[in-house]
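Chemist: Make a model of this:
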Amino acid sequence: MKRENYGKVAEELEIDSGQVQAVQALLEDGATVPFIARYRKERTGSLDDVSIRKVKERLEELEKLEKRRESILDSLTERDMLDEELERELRGASTEAELEDIYLPYRRKRKTRADRAREKGLGRLAEMIFRQEKGVEGKAEELARSAQEVESPLQALSGARDIVAEWINEDRKARKKLRRLFREEGKVKVEGKACPEEEKFRDYFDYEERISDIPSHRALAIFRGEKKNCLQVSVRPPEGIAYALLRREFVEKGEGGESYRQLLEALEDSYDRLLGPSLENEARGEIKERADEEAIRVFATNLRQLLMAPPLGEKVVLAVDPGFKNGCKMACLDRDGEPLAYGTVYPHQPRGEKERAREEILALIENHDVEAVAIGDGTASRETERLFRGWELPDSLPIARVSEKGASIYSVSEVAQKEFPELDPTLRGAVSIGRRLMDPLAELVKLDPKTIGVGQYQHDVDQVRLKKKLEEVVESCVNRVGVELNTASKELLTFVSGLGPTLAERIVAYREERGLFRSLEGLKDVSGIGPKTFQQAAGFLRLRSSDCPLDSTGVHPENYDLVAEMAADLDLSLAELVGRKRLKEELSLERYVSEDVGIPTLSDIVEELRQPGRDPRQEFEPFRFARGIESIEDLEEGMTLPGLVTNVTNFGAFVDVGLHRDGLIHISELAERFVEDPGEIVTLGQRVFPVVLQVDEERERISLSLRKSQGKN
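Modeler: A predicted model of the protein is given here:
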């Protein structure tokens, strides 16, 4: 890595170049981002995982630019086309666009119209046109008489214009100015086309918006419509402005003469055929990349909030996957999430079935000491919840609606088949619903994040970038919460720092063959887990049943000796030290500072000892929708309703108010002030009290507002 890149990244991210260099060194040594952020704060100046990932990504981008630069230099050297001036220009290019502009005249390419014109000997005529010299007509006539492949003066002039058009296209200064014009004055212009799905895209028929203003969701919608052949899209600045820019750049002052007329024609041809399409593709790429980045950011933010949702914890749960005709699938789960009983009841059928369902459900609740009820939020959800609330259930028994997104995919997945080979997929879905209430993170890691459906236009963005980002989010959440080594699934262990799917599978197999781990040190007995892997993973694993009290905390084993020293200084055992609330006041941290351990790490250690294994997620609180709101017909404008935010996009937030269709709070209705990012105001799972603005029963659309209900949130 070039040293100057450290300074460049540091300046862009407003951090010290030493921090950038430290991150790079740790990454090269095999450290993971969670490990660096949590256990190497002294090295990085306490950079968090978000900042570390930004450093990592930017360094990778610069490394990619360097590889491209070297590839170009090698290609030019091989073809004996590299001189000192060209090499200096290439090495000085700071962006990919600048690098490619310099290389453009030298790129290997298929034979062009300009190449064929040069082969006919039209180069000198092209120079005369380009320099606006006199005698162009005479030179064209001379070539028509003397050049074997030139049939007429008009053909000579046409070929010469092709050469001039290529020169204009390859002019770096002109490309740079036009590129800026595209960014500053360019517009996305859209026209509708007849197609089977044209109704979906009718809002964009005869549509126009500046490139610099178009938001992510609109850009992705337009490009989707174009892909489906429902929209015709162009991305250009006003044509007249582009031509005027090129005339200022290439045409001498004063008009008249054949060379002047030929140059104008070549200039327009260059823009229409070469420059315009090339820069339009660039602009489209930039719009798409910007839209992808924003959509992926929104998806990642929503996913993080969903994974970090408050867990119910270790409770006995009755999970219900509701349905009308096919009945409600039920699974009663113990405190570890293991099924105690299954069944199907038909509470929405005629009275006899309804009464039987009630008796069976009440018996399950009583026999298994059920502590909470989880009801999936799909078909018949609200009706099933209403039945449960109408029965004689203990007042202390919480009833929670749980998102079913992705549950059907899980129920037929390989993971579910291995977990419950004997169960019908619908019953597996009920188990997953219950486990989602108990621990959303542990259950949702079994799914491809894209199937959870908390993003916008997720199928239209760069799938490689989306997958990478979402996996980073899952990794971040798993390591922030920590993982119980003896009970974690293979899927959960996969995301622990330093492990991955192969080692996760080996850990589970080891547990099944040899029994539960007695200490974190026992992890080293698993095949493939050496000192480096153990170092990266151990701090994020918990073992409540360990012989060593520190194994239940987030203190890294590399600091166990230091903690033993603290315990000795206070004349306490390790067991007495763990959970000691007054520890911060009793210890002088400066005493334990060393070359490798500073105040940041020592502060983390003390906090972990004070609150061992503390879950960073908020505590679970039951939620209840408004009574009497059973269908969209029950809504009235001006009504204030309790609701849960189910999705946040860059145009607003969707809210579940207890119906089968979520309402939308448009970004303009999120607050009294201007809101640039809805994520500033609301988060996934947040409890809100919006006002009903408008109800469209025909299209089943509910418009909501938070502007008039700020005090209730």
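Chemist: low-confidence ranges in the chain?
Modeler: Applying pLDDT under 70 to the chain flags residues 1, 253-256, 708-713.
Chemist: Where do the domain boundaries of it fall?
Modeler: Domain ranges of the chain: 3-106, 122-302, 317-438, 501-610, 632-712, per automatic domain parsing.
Chemist: Quick check: I433 touching A319?
Modeler: Yes: using Cβ atoms under 8 Å, I433 is in contact with A319, at 4.6 Å. In this view, the C-beta of every residue, glycine as well, is placed from N, C-alpha and C.
Chemist: any common contacting residues for these two?
Modeler: Common neighbours of I433 and A319 (criterion: Cβ atoms under 8 Å, 6 or more residues apart in numbering): 374, 376, 402.
Chemist: leaving aside the residues next to it on the chain, what's closest to the second one?
Modeler: Residue nearest to G376 in three dimensions, not counting chain neighbours: E404, with 4.2 Å by Cβ to Cβ, 6 or more residues apart in numbering.
Chemist: so how many other residues sit close to that neighbour?
Modeler: Neighbourhood size, E404 [other Cβ atoms under 10 Å]: 20.
Chemist: now E42
Modeler: By other Cβ under 10 Å, the residues close to E42 number 18.
Chemist: coming back round to it: distance to E96 added to the shared contacts of I433 and A319, as CSV?
Modeler: CSV is the format used below for those (distance: Cβ to Cβ, whole Å):
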residue, distance to E96
A374, 50
G376, 48
V402, 46
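Chemist: of the residues you listed, closest to Q232?
Modeler: Checking the shared contacts of I433 and A319 against Q232 with Cβ to Cβ, the nearest one is G376 at 42.8 Å.
Chemist: any idea how far the closest one lies from S411?
Modeler: Counting by Cβ to Cβ, to the nearest Å, the separation of G376 from S411 is 11 Å.
Chemist: what residues are shared contacts of the two?
Modeler: G429.
Chemist: neighbour-wise, which of the two wins?
Modeler: G376 (27 against 23).
Chemist: Which stretches in the stretch 151-300 of the chain count as strands?
Modeler: Using DSSP state E, counting those that start in this stretch, the strands assigned to the stretch 151-300 of the chain run over residues 187-192, 207-210, 231-236.
Chemist: quick one: the helices in the stretch 201-350 of the chain?
Modeler: In the stretch 201-350 of the chain, the helices defined using DSSP state H, counting those that start in this stretch lie at 216-227, 239-250, 258-269, 276-307.
Chemist: could you redo the strands of the stretch 151-300 of the chain as TSV and give each row mean neighbour count and distance to L73?
Modeler: Output for the strands of the stretch 151-300 of the chain, formatted as TSV (neighbours: other Cβ atoms under 10 Å; distance: least, Cβ to Cβ, whole Å):
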stretch	mean neighbour count	distance to L73
strand 187-192	18	37
strand 207-210	14	38
strand 231-236	18	32
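Chemist: Of all the ones you listed, which one is nearest T640?
Modeler: T640 lies closest to strand 207-210 among the strands of the stretch 151-300 of the chain, at 34.9 Å (Cβ to Cβ).
Chemist: Give me the distance from that closest one to the chain's centre.
Modeler: Offset of strand 207-210 from its chain centre (Cα atoms, centre = their mean, to the nearest Å): 26 Å.
Chemist: And for stretch 178-191?
Modeler: On Cα atoms, centre = their mean, the centre of stretch 178-191 falls 27 Å from that of its chain.
Chemist: now swap in stretch 642-651 and tell me
Modeler: 17 Å.
Chemist: Could you do stretch 663-680 as well?
Modeler: Distance of stretch 663-680 from the chain centroid (Cα atoms, centre = their mean) equals 21 Å.
Chemist: ditto for stretch 628-640
Modeler: The answer for stretch 628-640 is 35 Å, by Cα atoms, centre = their mean.
Chemist: Grab the CA positions of it and hand them over as PDB.
Modeler: In PDB, the C-alpha atoms belonging to stretch 628-640 read as follows (Å, rounded to 0.1, in the frame of the first residue of the first chain):
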ATOM      1  CA  GLY A 628     -62.000  -1.500  17.500                       C
ATOM      2  CA  ILE A 629     -59.700  -1.100  14.500                       C
ATOM      3  CA  GLU A 630     -60.300  -4.300  12.600                       C
ATOM      4  CA  SER A 631     -60.400  -3.200   8.900                       C
ATOM      5  CA  ILE A 632     -59.500  -0.200   6.800                       C
ATOM      6  CA  GLU A 633     -63.200   0.800   6.900                       C
ATOM      7  CA  ASP A 634     -62.800   1.500  10.700                       C
ATOM      8  CA  LEU A 635     -60.300   4.300  10.000                       C
ATOM      9  CA  GLU A 636     -61.300   7.900  10.000                       C
ATOM     10  CA  GLU A 637     -59.200  11.000   9.000                       C
ATOM     11  CA  GLY A 638     -57.800  12.700  12.100                       C
ATOM     12  CA  MET A 639     -57.700   9.600  14.200                       C
ATOM     13  CA  THR A 640     -54.500   8.900  16.200                       C
END
